[in-house]
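Colleague: coordinates only, no sequence provided:
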């Protein structure tokens with residue numbers, strides 16, 4: 001899905017469903033700080049923007065409103081993301097993952113030096129125990145992870161090996177949910193919040209899979225189903 005089309009979908013959904021229960025969909029990273037670089041040199045922000053558009057459509061199909069955050073990639077700060085989400089019912093930050101630096105290897109892609117790692121793949125979810133609604137945040141993350149697993153998506157395992165000073169213990173190992181307590185977008189929100197890592201773009205095969213439109217739609221459908229179940233089943 002081209003980024004401009006994604007922007008149109010997100011903006012249209014936000015306008016048409018303003019009165020429904022509302023999900024703040026945050027496009028991770030910015031144009032200036034675009035996040036991880038894929039095995040073939042792609043920007044994480046571009047991956048995030050496309051999946052956010054798919055998710056907006058899937059949420060709309062379930063009668064949920066969408067509040068898009070950072071569509072243009074120019075948001076001023078991390079603090080501004082939860083500020084823009086205030087008043088919504090749920091916050092989800094869309095990201096794509098990398099691996100620990102020591103796992104990276106060099107390769108040549110289309111005449112350009114890049115790095116990759118084919119050791120780890122899969123989705124991950126993160127919540128904060130310092131969020132004002134930690135129980136709901138975890139319940140929603142687990143619902144998303146469970147739905148993804150039912151549709152055949154596999155969770156990543158490399159976050160279980162925490163880096164020094166960056167502990168990511170499991171909150172729900174079966175559904176690949178981790179605690180990430182001091183992440184600004186998770187603990188400074190006033191509503192339940194989850195950060196979603198769709199997959200490892202440093203993994204050469206998974207990068208290609210994450211670019212596949214049909215797979216993106218299936219993943220977005222799973223995320224939206226989990227969110228809807230969490231918000232409406234108390």
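Modeller: Sure thing, it's come through. Note that the structure is a prediction, hence the values are computed from the model and not measured. Numbers count the residues shown, from 1 in each chain.
Colleague: what about the residue nearest to residue 209 when sequence neighbours are not counted, which SS state?
Modeller: Excluding the flanking residues, the one nearest residue 209 by Cβ to Cβ, 6 or more residues apart in numbering is residue 215, at 5.7 Å. From N, CA and C alone the C-beta is placed, and that goes for glycine too. Of the three states, residue 215 takes helix under DSSP: H, G, I helix; E, B strand; the rest coil.
Colleague: tell me how many other residues surround residue 215.
Modeller: 16 (other Cβ atoms under 10 Å).
Colleague: tell me which residues in stretch 197-207 are buried?
Modeller: Across stretch 197-207, burial judged by 16 or more other Cβ atoms under 10 Å covers 197-204, 206-207.
Colleague: give me the subset of those residues lying in helices.
Modeller: 204, 206-207 (DSSP state H).
Colleague: looking at those, which is nearest residue 225?
Modeller: Nearest to residue 225 among those is residue 206, at 22.0 Å by Cβ to Cβ.
Colleague: partners of the helix or strand encompassing residue 107, with directions?
Modeller: Using DSSP states H and E, the element containing residue 107 is strand 105-109. Strand pairing for strand 105-109, using DSSP bridges, gives strand 112-116 (antiparallel).
Colleague: which parts of the partner strand are buried?
Modeller: Buried residues in strand 112-116 (16+ other Cβ under 10 Å): 114-116.
Colleague: re earlier: ok, which pair from the buried residues of stretch 197-207 is furthest apart?
Modeller: 197 and 204 (17.3 Å).
Colleague: quick one: the helix or strand encompassing residue 59 to chain centroid distance?
Modeller: For residue 59, the host element (DSSP H and E) is helix 44-61. Centre-to-centre, helix 44-61 and its host chain are 9 Å apart (Cα atoms, centre = their mean, to the nearest Å).
Colleague: packing partners for it?
Modeller: helix 3-16, strand 22-27, strand 65-69, strand 90-97, helix 213-232 (3 or more Cβ pairs under 8 Å, 6 or more residues apart in numbering; DSSP states H and E).
Colleague: need the residue closest to the centroid of this protein.
Modeller: residue 94 (2.5 Å; Cα atoms, centre = their mean).
Colleague: which helix or strand in the protein has the lowest average pLDDT?
Modeller: helix 3-16 (a mean of 49; mean pLDDT, DSSP states H and E).
Colleague: and the nearest residue to residue 104 once chain neighbours are set aside, what does it touch?
Modeller: Once flanking residues are discounted, residue 104 sits nearest to residue 115: 4.3 Å by Cβ to Cβ, 6+ apart. Listed by Cβ atoms under 8 Å, 6 or more residues apart in numbering, the contact set of residue 115 reads 37, 39, 104-107, 202.
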